[in-house]
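Peer 1: Here is my input, please return the structure:
(chains A and B)
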Number of protein chains: 2
Amino acid sequence: MDMLKLIKSRRSIRKYKEKIPSDKEIKKILEAGRWAPSGLNNQPWRFLVIKEKEIKEKIAGFSKYGYIIKNTGVIIVVFLDKKRSYHYQKDIMAIGACIQNMLLQAHSLGLGACWLGEILNKRKEIEQLLNIDKNLELMALISLGYPKEKSSSFRLPLKDLLIRPFSLLKSSF
Amino acid sequence: MDMLKLIKSRRSIRKYKEKIPSDKEIKKILEAGRWAPSGLNNQPWRFLVIKEKEIKEKIAGFSKYGYIIKNTGVIIVVFLDKKRSYHYQKDIMAIGACIQNMLLQAHSLGLGACWLGEILNKRKEIEQLLNIDKNLELMALISLGYPKEKSSSFRLPLKDLLIRPFSLLKSSF
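Peer 2: Down below sits the predicted model:
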């Protein structure tokens, strides 16, 4: 497997087949998240796996992307553990790294996933619905399933992301 | 390549051989960062590649990890473009995903990297030193080189990261 190819071919998948990811697959994905880097290795991520139809439907009611949540077999809810937090910005970047590990792992298993962030608008409601400890702060939902669609995307060209060109400079210790 | 193996075998590398990563390698790494996901696909990341010895030495003076910065051939500086930002938390998670893509890509190329976040304590000083536009906010440095050390780490067991066990539940649409 070529890493860059894997990264570039991963897409947000919003439609899923009826076949549900197995616990073994879910565990591999959580395992990928677990091995993300974090500042001072504080590992501020916490996970909740949701499979139950009625809970998914309740969550769906809080999001304009509810149709994705309702039609996925599995949702991984990602939280920041504020007790482990030492630098909010860095901890949130670490959570982003953790989520990306899970998305890449899902893709490498042939699964499709979607990082759902819009739900943060209803953070309090979701935390209450799921009876979440007040030390935990909702960061994202990841919907997970076997892809029933192909999806495409685009990115800005690299030159627009580089503050200054670098190719002409010579590296030196 | 097994994705989970790649994720788990990636370590922070702080000592580098004298051989400098090539522009081709650096571009592959930036390309991996470029293809990260972001909320509304706003792609809030911006990059600056630093190779010049004197600039690295000046940056090193602002960090207690200066010895890493001084002894690496290449530094990728990662910024948030505040003009592209629409939700600070989500944008910062996206930057974390972008950095993780770059770290994994570096590792898959046989390169070592270290995510340096402590430098954020001197954000203003670094932004001034590098003459950075006020729309850009420093997020992290990534040092990059051929590894001259093996490194180890640990993670909390998965059961400590799960808010509630999930294996007994049956998925249902």
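Peer 1: just checking, residue A:106 is part of a helix?
Peer 2: Yes - using DSSP: H, G, I helix; E, B strand; the rest coil, the assignment for residue A:106 is a helix.
Peer 1: how about the helices in chain A?
Peer 2: A:3-9, A:23-34, A:53-60, A:66-70, A:88-108, A:123-129, A:158-161 (DSSP state H).
Peer 1: closest one to residue B:147 among the ones you listed?
Peer 2: Among the helices of chain A, helix A:3-9 comes nearest to residue B:147, with 16.6 Å by CB to CB. For the C-beta atoms, the positions are set from N, CA and C on the backbone; glycine is no exception.
Peer 1: For the residue of chain A found nearest chain B, which non-adjacent residue is spatially closest?
Peer 2: When scored by CB to the nearest CB, chain A has residue A:96 as its residue closest to chain B, at 2.6 Å. Leaving aside its chain neighbours, residue A:96 sits nearest to residue B:96 (2.6 Å; criterion: CB to CB, 6 or more residues apart in numbering or on different chains).
Peer 1: Quick one: residues contacting that neighbour.
Peer 2: Applying CB atoms under 8 Å, 6 or more residues apart in numbering or on different chains to residue B:96 gives the contacts A:92-100.
Peer 1: For the nearest residue to residue A:150 once chain neighbours are set aside, give me the pLDDT.
Peer 2: For residue A:150, ignoring the flanking residues on the chain, the nearest one in space by CB to CB, 6+ apart is residue A:11 at 7.7 Å. In this model, residue A:11 is scored at 97, pLDDT.
Peer 1: Residue A:131: how many residues sit nearby?
Peer 2: 8 (other CB atoms under 10 Å in any protein chain shown).
Peer 1: ok, now the one 3 residues further on?
Peer 2: Using other CB under 10 Å as the criterion, residue A:134 is surrounded by 7 other residues.
Peer 1: tell me the contacts of residue A:135?
Peer 2: Here residue A:135 is in contact with A:81-83 (criterion: CB under 8 Å, 6+ apart).
Peer 1: ok, now which ones touch the residue nearest to residue A:164 when sequence neighbours are not counted?
Peer 2: With CB to CB, 6+ apart as the criterion, residue A:164 has its nearest non-adjacent residue at 6.2 Å, and that residue is residue B:48. Contacts for residue B:48 (CB under 8 Å, 6+ apart) come out as A:162-164, A:166, B:76-77, B:79, B:130, B:132.
Peer 1: Please tabulate those in JSON lines and include neighbour count as additional columns.
Peer 2: JSON lines is the format used below for the contacts of residue B:48 (neighbours: other CB atoms under 10 Å in any protein chain shown):
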{"residue": "A:162", "neighbour count": "15"}
{"residue": "A:163", "neighbour count": "17"}
{"residue": "A:164", "neighbour count": "11"}
{"residue": "A:166", "neighbour count": "20"}
{"residue": "B:76", "neighbour count": "22"}
{"residue": "B:77", "neighbour count": "23"}
{"residue": "B:79", "neighbour count": "23"}
{"residue": "B:130", "neighbour count": "19"}
{"residue": "B:132", "neighbour count": "18"}
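Peer 1: can you tell me which of these are in strands?
Peer 2: The strands, defined by DSSP state E, take in B:76-77, B:79 from these.
Peer 1: Need the per-residue pLDDT for the residue nearest to residue A:116 when sequence neighbours are not counted.
Peer 2: Distances taken as CB to CB, 6+ apart place residue A:141 nearest to residue A:116, at 4.2 Å, with adjacent residues excluded. At residue A:141, the model reports a pLDDT of 98.
Peer 1: neighbours around residue A:141, how many?
Peer 2: Number of residues near residue A:141 (other CB under 10 Å) recorded here: 27.
Peer 1: I'd assumed residue A:155 was in contact with the residue nearest to residue A:150.
Peer 2: No - with contact defined as CB atoms under 8 Å, residue A:11 does not reach residue A:155; the gap is 11.9 Å.
Peer 1: list residues touching both of the two?
Peer 2: When CB under 8 Å, 6+ apart defines a contact, no residue borders residue A:11 and residue A:155 alike.
Peer 1: Looking at chain A, which strand is longest?
Peer 2: In chain A, with assignment by DSSP E, the single longest strand is strand A:136-145.
Peer 1: where does the residue nearest to the spatial centre of chain A sit relative to residue A:77, distance-wise?
Peer 2: Residue closest to the mean C-alpha point of chain A, counted by CA atoms, centre = their mean, is residue A:99 at 3.6 Å. Per CB to CB, to the nearest Å, residue A:99 is found 11 Å from residue A:77.
Peer 1: picking that back up, can I get the ones in strands among the contacts of residue B:48 in JSON lines including distance to residue A:4 and pLDDT?
Peer 2: Shown next, in JSON lines, are these (distance: CB to CB, whole Å; pLDDT from 0 to 100):
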{"residue": "B:76", "distance to residue A:4": "16", "pLDDT": "98"}
{"residue": "B:77", "distance to residue A:4": "21", "pLDDT": "98"}
{"residue": "B:79", "distance to residue A:4": "22", "pLDDT": "98"}
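Peer 1: ok, so of those, who is nearest residue B:64?
Peer 2: So of those, ranked by how close each gets to residue B:64 (CB to CB), first place is residue B:77, at 17.8 Å.
Peer 1: can I assume the closest one is in contact with residue B:45?
Peer 2: No - Residue B:77 is beyond contact range of residue B:45, at 10.9 Å (criterion: CB under 8 Å).
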